[in-house]
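Novice: turn this into a model:
(2 chains)
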There are 2 protein chains.
Amino acid sequence: MRTRLLAGLVLVLAASAQKPEFSGKGELQLPANYREWVYLSSGLGMTYGPAASENPDRAPRFDNVFVNPAAYRSFLETGKWPDKTMLVLEIRSSESKGSINNAGHYQNDLVAIECEVKDSARFPGNGWAFFGFGKSSSAKMIPRSEDCYACHSKNGAVDNTFVQFYPTLLPVAKAKGTLNPAYPH
Amino acid sequence: MRTRLLAGLVLVLAASAQKPEFSGKGELQLPANYREWVYLSSGLGMTYGPAASENPDRAPRFDNVFVNPAAYRSFLETGKWPDKTMLVLEIRSSESKGSINNAGHYQNDLVAIECEVKDSARFPGNGWAFFGFGKSSSAKMIPRSEDCYACHSKNGAVDNTFVQFYPTLLPVAKAKGTLNPAYPH
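Specialist: A predicted model of the protein is given here:
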């Protein structure tokens, strides 16, 4: 019984570490176990405008989105993202022909990782900031002049995030009344 | 401190329930929180032969695969699936035009759920069995005469499972030497 309690305590401590961690230089650290976080959804070859259209000479890429478990559970209860929310966007190449697969697309190599973090004490304003890891394990903040800030603020269905593309969370936001007023109701 | 230990114990008990559960009639129960299990990968419109080719009149479908966390951690250590492994295949419709998305595909409504379970005491032979939930929360075992059994046995890269389509697990199987001898090395 004491062993079980100890194991439980370890789990609690591990869970408490599943939030944004920064180096002394302010660089965000990629959580080693983000693939064990809660999966939100995937897209293939998603493009957000003519200028950002897919490269026709390259197979389309998958994007997978993960979130820290504490933030996910808070969203299910409230329809809102709590402070210390961390969304991880993982971009992977796609393949069509391999093993028994003859058409369609499956996921292959890691291309890059990006993160969106909510930390009100660290990021005044709306609390959100973006980070581009590439294939590194730490990343500087992306400057506020970049398009991602304005686009998420304007078009995200809930609080700077694209909940409209997360099929298990959009109904929660609708039920809780937390959709961005500018998002079509 | 006592509260933390108690919370830890609850987590341990919750984790211990994350394995296949059957009704008295032998029907597999869909875990209510499978979306909090570990995500393995997604495909879009994957087809496994001419007879199973995609319907050209319908948008291609996504499939997402989740596994119970204990089985995932065991696979990372050994390259093998332990007894009580449960893989959940979630099939979702896709959309192309919506919000700011102009091309490619993102996920939408749930179409159906299928599971593959390893339970050696319950399923003699190789221990694996398949279940088709549709949109229900319990499912009878799919008869052994169905194609899924022979196809997984012959083509699965590791022990009746398509690890060749799970990009974070295939390198583990290669490193641990647990690939199916019939799978191209």
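Novice: tell me the strands beside the strand or helix carrying residue A:93, with direction?
Specialist: Element membership for residue A:93, per DSSP states H and E: strand A:86-95. Paired strands of strand A:86-95, with direction, are strand A:62-67 (antiparallel), strand A:103-118 (antiparallel) (DSSP bridges).
Novice: can you list contacts of that strand?
Specialist: Outside strand A:86-95, the residues that touch it by Cβ atoms under 8 Å, 6 or more residues apart in numbering or on different chains are A:19-20, A:30-31, A:34, A:37, A:40, A:44, A:59-68, A:71, A:101, A:105-118, A:161, B:167. Where you see a C-beta, it was placed from the backbone N, CA and C, and this is true even at glycine.
Novice: same check on stretch A:96-107?
Specialist: Here stretch A:96-107 makes contact (Cβ under 8 Å, 6+ apart) with A:44, A:59-60, A:62, A:64, A:92-95, B:41-50, B:53-54, B:60, B:151, B:155, B:157, B:162, B:164-165, B:167.
Novice: first to last residue in it, what's the distance?
Specialist: 9 Å (Cα to Cα, to the nearest Å).
Novice: buried residues in that stretch?
Specialist: Buried residues in stretch A:96-107, counted by 16 or more other Cβ atoms under 10 Å in any protein chain shown: A:99-107.
Novice: before we move on, the earlier item: mind checking which of the strands paired with strand A:86-95 is nearest residue B:24?
Specialist: strand A:62-67 (36.9 Å; Cβ to Cβ).
Novice: starting at the chain centroid, how far to the closest one?
Specialist: In terms of Cα atoms, centre = their mean, to the nearest Å, the centre of strand A:62-67 is set 6 Å apart from its chain centre.
Novice: quick one, whatever helix or strand comes next after it and strand A:103-118 angle?
Specialist: Counting by DSSP H and E, the next helix or strand C-terminal to strand A:62-67 is helix A:69-78. Per axes from the mean of the first three to the mean of the last three Cα atoms, to 10 degrees, the angle that helix A:69-78 makes with strand A:103-118 is 90 degrees.
Novice: so for helix A:69-78, mean pLDDT?
Specialist: Throughout helix A:69-78, pLDDT has a mean value of 97.
Novice: packing partners of that helix?
Specialist: Applying 3 or more Cβ pairs under 8 Å, 6 or more residues apart in numbering or on different chains; DSSP states H and E, we find helix A:69-78 packed against strand A:38-47, helix A:170-176.
Novice: switch those over to CSV; also include distance to chain B, mean pLDDT and mean neighbour count.
Specialist: Below are the helices and strands packed on helix A:69-78 laid out as CSV (distance: least, Cβ to the nearest Cβ, whole Å; pLDDT from 0 to 100; neighbours: other Cβ atoms under 10 Å in any protein chain shown):
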stretch, distance to chain B, mean pLDDT, mean neighbour count
strand A:38-47, 3, 95, 23
helix A:170-176, 10, 98, 16
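Novice: JSON lines for the ones you listed, including distance to residue B:182?
Specialist: Below are the helices and strands packed on helix A:69-78 laid out as JSON lines (distance: least, Cβ to Cβ, whole Å):
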{"stretch": "strand A:38-47", "distance to residue B:182": "29"}
{"stretch": "helix A:170-176", "distance to residue B:182": "43"}
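Novice: and the two most separated of the buried residues of stretch A:96-107?
Specialist: Pairwise distances across the buried residues of stretch A:96-107 peak at 16.6 Å for A:102 and A:107 (criterion: Cβ to Cβ).
Novice: could you point out the helix or strand that follows the helix or strand bottoming out on mean pLDDT in chain A?
Specialist: Ranked by mean pLDDT, DSSP states H and E, the weakest helix or strand in chain A is helix A:2-16, scoring a mean of 53. The C-terminal neighbour of helix A:2-16 among helices and strands, as given by DSSP H and E, is strand A:28-29.
Novice: what sits up against that following strand?
Specialist: With contact meaning Cβ under 8 Å, 6+ apart, strand A:28-29 is reached by A:20-23, A:115, A:117, A:131, A:133, A:137-139, A:141.
Novice: which strand residues bridge the residue nearest the centre of chain A?
Specialist: Geometric centre of chain A, nearest residue: residue A:87, 2.7 Å, by Cα atoms, centre = their mean. Note on residue A:87: beta-bridge partners by DSSP bridges are residue A:67, residue A:116.
Novice: any idea how far residue B:72 is from it?
Specialist: Counting by Cβ to Cβ, to the nearest Å, the separation of residue A:87 from residue B:72 is 21 Å.
Novice: circling back: now, which of the buried residues of stretch A:96-107 sits nearest chain B?
Specialist: Distance to chain B across these (Cβ to the nearest Cβ) is lowest for residue A:104, with 3.2 Å.
Novice: once you drop chain neighbours, what's closest to the closest one?
Specialist: Distances taken as Cβ to Cβ, 6 or more residues apart in numbering or on different chains put residue B:45 closest to residue A:104, at 3.2 Å, once the chain neighbours are dropped.
Novice: likewise for residue A:70?
Specialist: residue A:18 (6.4 Å).
Novice: perfect, I'm done here.
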